[in-house]
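1. with the sequence up front, the predicted model follows.
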Amino acid sequence: MFEKALLPLSQKIIALTCVAGLTLAQLPAFAVEHAAEVQMDSDQKILHLLNRLTYGPRPGDVDDVKKMGVEQFIQQQLHPETIQMPEALNSYVDGVESINSTPSDLFRQYSIVALRANKNVGGRKLSDDERKDLQKEQGDNYRKLYNESASARLRRAVESPRQLQELMVDFWFNHFNVSNDKGLVHLWTGAYEQQAIRPYVFGHFRDLVEATAHHPAMLFYLDNWQNTKPGGIQFAGRGKGSKNNFEGLNENYARELMELHTLGVDGGYTQADVIALAKVLTGLGLPPQNPALLRIGQVEIGRFGSAFAPQRHDFGDKVLLGTTIRGTGEPEIEQAIDILCKAPATAHHISYQMAQYFVCDEPPKALVDHLSETYLRTDGDIRAMLNDLFHSHEFWNPKFANSKFKSPYRFVISSLRASNVALADYKPVLGFLRQLGMPLYGCLTPDGYKNTQTAWLSPDALLRRIQFATGLGTGKLPNNPLDPLDYKDVSTSMNGLFSNNTLTVVASAPAGLKSSVLLGSPEFMNY
């Protein structure tokens, strides 16, 4: 209904754009071409900085950076603890149960409904009505946890002055992706981001690998909770076919830990290395539901409520990337993480992704090599890598300014920031992201969402973006009582971005659509 109601206005914006001689498919290409034609003056450099170190400027941000200076702004963003947070935002975040509870508490509180919906209770078979009621409650819980976590992420991305921190949360969550749609992961997605990602986004890369490796969300998502020494094992007192049976090696997490999280697909590892790492990771998983199995020697509870079961671990020696790992149990995992994080292939893989995220879709080799050197020299210090990146020639090269096409997520956040609005309800935004194929926390594959133009550019996607821009600009975003946007607020927040063609189109647009035309313009689709 939302899209249908806005269709006539959206079509009017498209018609206005076509007056300038542009089709939907040409919009992003025009923005890149325009950016390459000119050298950046001081205001454009500040706008470029805000587009890359934040989700896009709000009204007044360009002037603020001009007053403090580019270098001070960079250093502030690299040290977010120096930036005061709005009290209202802090209070809101502190009250979000789904991100502040421990994984164990979330499991105890919300999993029991799912278990009861799929089992008999006290030996009595549930009636159809009882089962339906429990399944409804289970669905309500799922939606509650998701809406809480996702709305908190969106609100922080829009409102937080610690913008680079929010960008890096998005970057690293995507790198260490888990999907909200896989089983129990939906209980823990928000907590995973809050506990295993957010605290380490400017630290050493190894900290992120270790934290994500021990969080229940990752252990369940990539099946390591089932990973057991070859031959399988049964816990005492359990018969064949019990859910406490573990059938043997599961290579899923070991493979992705090397292919996606550290070395990269061309990182030089072999299938033998995958098997060796899988054996190192045997026994690392989740606590069993049976409390009797928590006694000493059966299961050891670790970080975030993860568990290590020694009797499921392969205590044989392993050879990983040419290094022998002695069969000592849980310490093997730390040694393996050290090996992976110190590898030159990991330095290159992380550097390439970082350069692609902040500079261009196909980053220059010289920049990737420079960042790789910084990684190896600083033992994977993320803040040091970012500092070098933001002072590199490639970062400030005019041909890369406004050359990256916004993902649906980035488009939404930048639109809300440029509009300087506070939403009462983020569910329409979550619905829009789902329509664009980028549901928040919903990437099913472990490689996460792409951040390149080829992944997101299509005529249908651009039409939907223009519909969102129309709804926001005209104050017709569902569930949010907004006034139509002030054209001056949107235009001044992005001063220097828009071409003469776009400004001509805006001048001819009806007063109520001027803001929407800017948000749907070719330049605004890029950053």
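-> Received the coordinates, thanks. None of the values given here were measured: they were computed from a predicted structure.
2. name the nearest residue to Ser516, sequence neighbours excluded.
-> Leaving aside its sequence neighbours, Ser516 sits nearest to Gly473 (CB to CB, 6 or more residues apart in numbering; 3.1 Å). Yep, even glycine has a C-beta here, placed from its N, CA and C like the rest.
3. where do the strands sit along the stretch 301-450 of the chain?
-> Along the stretch 301-450 of the chain, the stretches classed as strands by DSSP state E, counting those that start in this stretch are 307-308, 318-320, 323-325.
4. so for the shortest one, mean pLDDT?
-> Strand 307-308 shows a mean pLDDT of 94 in the predicted model.
5. show me what that strand is packed up against.
-> For strand 307-308, the packing partners by 3 or more CB pairs under 8 Å, 6 or more residues apart in numbering; DSSP states H and E come out as strand 284-285, strand 300-301.
6. distance from the chain centre to the last one, please.
-> Centroid separation for strand 300-301 versus its chain: 29 Å, with CA atoms, centre = their mean, to the nearest Å.
7. number of nearby residues for Glu87?
-> Other residues near Glu87 come to 8 when the count uses other CB atoms under 10 Å.
8. any idea how far it lies from Gly95?
-> 13 Å (CB to CB, to the nearest Å).
9. next SSE after the strand or helix carrying Thr470?
-> Per DSSP states H and E: Thr470 is located in helix 459-473. Counting by DSSP H and E, the next helix or strand C-terminal to helix 459-473 is helix 487-493.
10. buried set for that next one?
-> Buried residues in helix 487-493, counting neighbours by 16 or more other CB atoms under 10 Å, are found at 487, 489-493.
11. helices or strands up against it?
-> Using 3+ CB pairs under 8 Å, 6+ apart, helix 487-493 sits against helix 408-419, helix 514-519.
12. output these as JSON lines; include the columns distance to Gln77, mean pLDDT and mean neighbour count.
-> Listed next are the helices and strands packed on helix 487-493 as JSON lines, based on distance: least, CB to CB, whole Å; pLDDT from 0 to 100; neighbours: other CB atoms under 10 Å:
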{"stretch": "helix 408-419", "distance to Gln77": "15", "mean pLDDT": "96", "mean neighbour count": "25"}
{"stretch": "helix 514-519", "distance to Gln77": "24", "mean pLDDT": "92", "mean neighbour count": "28"}
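13. format the ones you listed as a markdown table; extra columns: distance to Ala336.
-> Shown next, in a markdown table, are the helices and strands packed on helix 487-493 (distance: least, CB to CB, whole Å):
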| stretch | distance to Ala336 |
| --- | --- |
| helix 408-419 | 33 |
| helix 514-519 | 47 |
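14. quick one, which of those helices gets closest to Arg434.
-> Among the helices and strands packed on helix 487-493, the nearest to Arg434 by CB to CB is helix 408-419 (9.4 Å).
15. low-confidence stretches in the protein?
-> 1-39, 112-124, 232, 234-245, 289-298 (pLDDT under 70).
16. what's the domain layout of it?
-> Annotated domains of the chain cover 2-74+402-519, 87-160+162-211, 222-342, 344-400 [automatic domain parsing].
17. the last one: how far from the chain's middle?
-> It refers to domain 344-400. With CA atoms, centre = their mean as the basis, domain 344-400 stands 19 Å off its chain's centre.
18. likewise stretch 430-449?
-> For stretch 430-449 - counting by CA atoms, centre = their mean - the centre lies 10 Å from the chain centre.
19. using CSV, write out every CA atom in it.
-> Extracted in CSV, the C-alpha atoms of stretch 430-449 (Å, rounded to 0.1, in the frame of the first residue of the first chain):
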residue,chain,number,x,y,z
LEU,A,430,13.3,-2.6,8.0
GLY,A,431,10.6,-3.5,5.5
PHE,A,432,12.2,-1.3,2.9
LEU,A,433,15.6,-3.1,3.4
ARG,A,434,13.9,-6.4,3.1
GLN,A,435,12.3,-5.3,-0.2
LEU,A,436,15.7,-4.3,-1.5
GLY,A,437,17.2,-7.7,-0.7
MET,A,438,19.2,-6.5,2.2
PRO,A,439,17.3,-7.4,5.4
LEU,A,440,19.2,-6.3,8.4
TYR,A,441,20.9,-9.3,10.0
GLY,A,442,19.3,-11.4,7.3
CYS,A,443,22.2,-12.4,5.0
LEU,A,444,21.9,-16.2,4.8
THR,A,445,25.4,-16.8,3.5
PRO,A,446,28.5,-16.4,5.6
ASP,A,447,30.2,-14.1,3.2
GLY,A,448,27.9,-11.2,4.2
TYR,A,449,26.5,-8.5,1.9
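20. you'd agree Met385 is up against Tyr352?
-> No: using CB atoms under 8 Å, Met385 is not in contact with Tyr352; the gap is 11.8 Å.
21. quick check: Leu472 touching Ala418?
-> No: assessed by CB under 8 Å, Leu472 is found out of contact with Ala418, at 9.5 Å.
22. so what sits against both of the two?
-> Leu519 (CB atoms under 8 Å, 6 or more residues apart in numbering).
23. what about the longest helix in the protein?
-> Of all the elements of type helix in the chain, the one with the most residues (DSSP state H) is helix 128-159.
24. and that one, which residues are buried?
-> 134, 138, 141-142, 145-146, 148-159.
25. from the contact counts, what lies against the helix or strand that comes right after it?
-> Later in the chain than helix 128-159, the nearest helix or strand by DSSP H and E is helix 163-175. Counting contacts by 3+ CB pairs under 8 Å, 6+ apart, helix 163-175 packs against helix 42-53, helix 70-78, helix 128-159, helix 344-358.
26. which among the ones you listed is found nearest to Pro288?
-> Taking the helices and strands packed on helix 163-175 one by one with CB to CB, helix 128-159 is closest: 21.6 Å.
27. angle of that closest one against helix 408-419?
-> Between helix 128-159 and helix 408-419, the angle comes out at 50 degrees (axes from the mean of the first three to the mean of the last three CA atoms, to 10 degrees).
28. check which helices and strands helix 128-159 is in contact with.
-> helix 87-94, helix 97-100, helix 103-117, helix 163-175, helix 185-192, helix 408-419, helix 427-435.
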